[in-house]
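Undergrad: Build the 3D model from these lines:
(one chain, ligands or ions: 2)
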Amino acid sequence: MPPFQFDPCINKVQKAELDSARWAATPAYRDDNDPLTQAIAPPPNETPEQRQLREAAETEAKKISDEIDLRLRRETEGEKKKKRPVKLLLLGQSESGKTATLKNFQLTYARKEWAEERASWRSVIFLNLVRNVNVLVEHLGAEMSDFPVVNDDSHESIHIIPAPRALPRLKFTELHTRLRTSLADLTRVQKDLEARLGSASLEVHRTTFDDAAPFDRVGEFSIHSSNGWKGALNKFRDRTLRTANQSDPESSPVSPSRMTPNWEEETGSTLEKHREDIKLLWEDPIIGEMMVRRKLRLEDQPGYFIPDADRIASRFYQPTDDDVIRARLRTLGVQEYKFIFDHGKTVGQEWRLYDVGGTRSSRHAWYPYFDDMDAIIFLAPISPFDEKLAEDKRVNRLEDSYLLWRSVCSCKLLSRTQLILFLNKCDLLQAKLSRGVRIRDSVPSYGDRKNDQATATRYFQQHFKEIARHHSPVQRPFYVHLTSVIDTRSTAVTLGAVEESILREHLRRADLIC
Ligand SMILES: Nc1nc2c(ncn2[C@@H]2O[C@H](COP(=O)(O)OP(=O)(O)OP(=O)(O)O)[C@@H](O)[C@H]2O)c(=O)[nH]1
Ligand SMILES: [Mg+2]
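TA: Ligands and ions are numbered 1, 2, ... in the order given. Got it, this is the predicted structure:
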């Protein structure tokens, strides 16, 4: 029987005890007065054969001990790697879909938290719907007052520029006058919701900022904002949870219908009162004609909910997953979100996702987050090839994405960071091309190529690839996905591939650090 037999399933404490026994038996360290040494010492009358057997057993025991040491060391390193959060930064211009992508991550991988938060998006969706209605009413007022409008892509703000009337007047009726008057009430509702949600709920209009990537020059400058959607929603969440728990301290989990603060219910009731009028307004053919004349395309704009008014304008409305993904609330500063994934390949792993505000004036705040990221997802919407930035009407949105991508690729601090490009809003691109909008009218370099989805995405993809190739300080792989991130199913598939490649990068970096 060899003196030391190691069990391969041994733990650290047992291993330490056995090591000290083996150490005590080693002649060089032996203390002959030590009781343990005496207990395990070789018999004084040991024969040469017995000694040979004992020494062979000791050699074998040492080999096993070393293997256990190695295994324990690897386990410790593995634990350390596991503990280090995976860090992912989302970049791109405003309205590119960064927050929508973040929500998809949460929906796919942190479902418990997602389910808890879903109800708190209600106010944002109410606001989005009310805005849609108010834009229509504003245009209706202008049209009825005979102010033709030049629509300049600036979303909700309308710019009334008197122009010669080219078409006969629309035939408005009593109904339109009544709708205008009754729905005027929603201006107050919009103001109220905006005040409650804070400045994230206000869209940016015309804040000229010449530089596409001010972080190039800024260096260390940091805004760790707490005013983004989490901040805005948490206000409701805390309050709603408190309200529910006060009424029944035993209640758990809190049901969404009981989480409703009074004022939110009041908003739902007000909308419910106007529901039929909203539907009349939306379905009215004269209003439809007015929208065509004014090139007013609500469906291309963020937070488009008016076709769902029947479902949403209600006291009892509860958002669906799709509603939450489509809800629009601007991100301010840089927001950090910590998720412990409860689904996917990295269950139990902490992920930190950083979502940034994308307007030109917000981009200087990005730089401090460039260090120490496992990967960056860069969102470039390809549908607005013929649109201008909301914050600077001189700048084409696609051109702005090219410039921004170039700055990110050429940034030395990011030269070893994995970049993953999402060419987003493919659904809106498809719709635009189907309407006959020609790319070459806005992008002369597109030339005589076919004006279809496949050719267009290939062309844009190639352009981004060339930029990465020319401007990356060190050559890097080009990871690209064609996405419509409001489609949660296809996005979950994309995120599966992304999760795997980010994880590989994370483990590679952890190996360098450990
Ligand atoms: N149709 C369509 N809408 C999208 C897509 N991606 C995002 N959106 C919508 O576009 C709007 C803007 O998306 P956000 O995710 O808020 O944009 P962002 O990049 O976070 O914008 P900032 O916070 O201002 O920087 C939201 O209403 C989204 O639901 C897409 O692929 N297709
Ligand atoms: Mg955002």
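Undergrad: For the stretch 51-200 of the chain, which residues are neighbours of ligand 1?
TA: Those residues of the stretch 51-200 of the chain that sit near ligand 1, judged by CB under 6 Å from any ligand atom, are 92, 94-100. (C-beta placed from N, C-alpha, C; glycine too.)
Undergrad: which of the residues you listed sit farthest apart?
TA: Largest separation among those by CB to CB: S94 and A100, giving 12.3 Å.
Undergrad: who touches R293 in this structure?
TA: R293 makes contacts with 167, 170, as judged by CB atoms under 8 Å, 6 or more residues apart in numbering.
Undergrad: Just give me the closest of the residues of the stretch 51-200 of the chain next to ligand 1 to ligand 2.
TA: In terms of CB to the ion, no member of those lies closer to ligand 2 than T99, at 3.2 Å.
Undergrad: got a pLDDT number for that closest one?
TA: pLDDT for T99: 97.
Undergrad: can you tell if the host helix or strand of it touches ligand 2?
TA: Element membership for T99 (DSSP states H and E) is helix 98-109. Yes. Counting by CB under 5 Å from the ion, ligand 2 is contacted by helix 98-109 at 98-99.
Undergrad: what sits up against that helix?
TA: Applying CB under 8 Å, 6+ apart, the set of residues contacting helix 98-109 is 90-92, 113-114, 117, 229, 321, 324-326, 329, 331, 337, 339, 341-344, 346, 351, 353, 355-356, 358, 377, 379, 422, 424, 485-486, 488, 491-492, 495, 499.
Undergrad: swap in stretch 485-495?
TA: In this structure, residues lying in contact with stretch 485-495 by CB under 8 Å, 6+ apart are 97, 100-101, 104-105, 107-109, 321-322, 325-326, 379, 422, 424, 427, 481, 483-484.
Undergrad: Now the buried members of those residues.
TA: Buried members of these, counted by 16 or more other CB atoms under 10 Å: 97, 100-101, 104-105, 107-109, 325-326, 379, 422, 424, 427, 481, 483-484.
Undergrad: Give me the pLDDT for V408.
TA: On the pLDDT scale, V408 is placed at 97.
Undergrad: so what's it up against?
TA: Neighbouring residues of V408 by CB under 8 Å, 6+ apart: 91, 213, 376, 378, 414, 419.
Undergrad: Pretty sure F370 sits against L413.
TA: Yes. Between F370 and L413 there is a contact at 4.6 Å, judged by CB atoms under 8 Å.
Undergrad: what about the two, which has more around it?
TA: Per other CB atoms under 10 Å, whichever of F370 and L413 has more neighbours is F370, with 17 against 13.
Undergrad: So what does that one look like in phi/psi?
TA: Dihedral angles of F370 (phi, psi; degrees, to the nearest 10) stand at phi -70, psi -30.
Undergrad: In three-state terms, how would the residue in the stretch 201-350 of the chain positioned nearest to ligand 2 be classified?
TA: In the stretch 201-350 of the chain, no residue comes nearer to ligand 2 than T331, which is 3.1 Å away by CB to the ion. Assigned with DSSP: H, G, I helix; E, B strand; the rest coil, T331 falls in the coil class.
Undergrad: ok, it touching G357?
TA: Yes. Between T331 and G357 a contact is recorded at 4.5 Å, counting by CB under 8 Å.
Undergrad: on that earlier part again, for the residue of the stretch 201-350 of the chain closest to ligand 2, grab the count of nearby residues.
TA: Neighbours of T331 (other CB under 10 Å): 23.
Undergrad: how about it, phi and psi?
TA: Backbone torsions of T331, given as degrees, to the nearest 10, read phi -90, psi 140.
Undergrad: Just the pLDDT at it, thanks.
TA: pLDDT recorded at T331 is 94.
Undergrad: quick one, phi psi at the closest residue to ligand 1 within the stretch 351-500 of the chain?
TA: Residue of the stretch 351-500 of the chain nearest ligand 1, by CB to the nearest ligand atom: G358 (3.0 Å). Backbone torsions of G358, given as degrees, to the nearest 10, read phi -100, psi 0.
Undergrad: Quick one: residues contacting the closest residue to it other than its chain neighbours.
TA: Once flanking residues are discounted, G358 sits nearest to S94: 3.8 Å by CB to CB, 6 or more residues apart in numbering. Each residue near S94 by CB under 8 Å, 6+ apart is listed here: 204, 330, 357-359, 362, 389-391.
Undergrad: Correct me if wrong, but S314 is in a helix.
TA: No. Applying three-state DSSP, one finds S314 to be coil, outside a helix.
Undergrad: Measure how buried the closest residue to it other than its chain neighbours is and give me the count.
TA: The shortest distance from S314 to any non-neighbouring residue, by CB to CB, 6+ apart, is to E272 (5.2 Å). By the criterion of other CB under 10 Å, E272 has 15 neighbours.
Undergrad: For E272, which three-state class applies?
TA: E272 - assigned by three-state DSSP - is helix.
Undergrad: Distance check, it against ligand 1.
TA: 23 Å (CB to the nearest ligand atom, to the nearest Å).
Undergrad: Over to L136?
TA: Per CB to the nearest ligand atom, L136 is found 18 Å from ligand 1.
Undergrad: That residue: what's its closest spatial neighbour, skipping adjacent residues?
TA: Once flanking residues are discounted, L136 sits nearest to L281: 5.9 Å by CB to CB, 6+ apart.
Undergrad: I'd like to check what contacts stretch 169-177. Which residues are they?
TA: Contact partners of stretch 169-177, identified using CB under 8 Å, 6+ apart, comprise 140, 143-144, 146, 280, 284, 286-287, 289-290, 293.
Undergrad: End to end on it, go ahead and measure it.
TA: The straight-line separation of the ends of stretch 169-177 (CA to CA, to the nearest Å) is 15 Å.
Undergrad: quick one: the strands in the protein?
TA: 86-92, 334-340, 350-356, 375-381, 418-424, 479-482 (DSSP state E).
Undergrad: near ligand 1 at all, the fifth one?
TA: This means strand 418-424. Yes. Using CB under 6 Å from any ligand atom, we find that strand 418-424 touches ligand 1 at N424.
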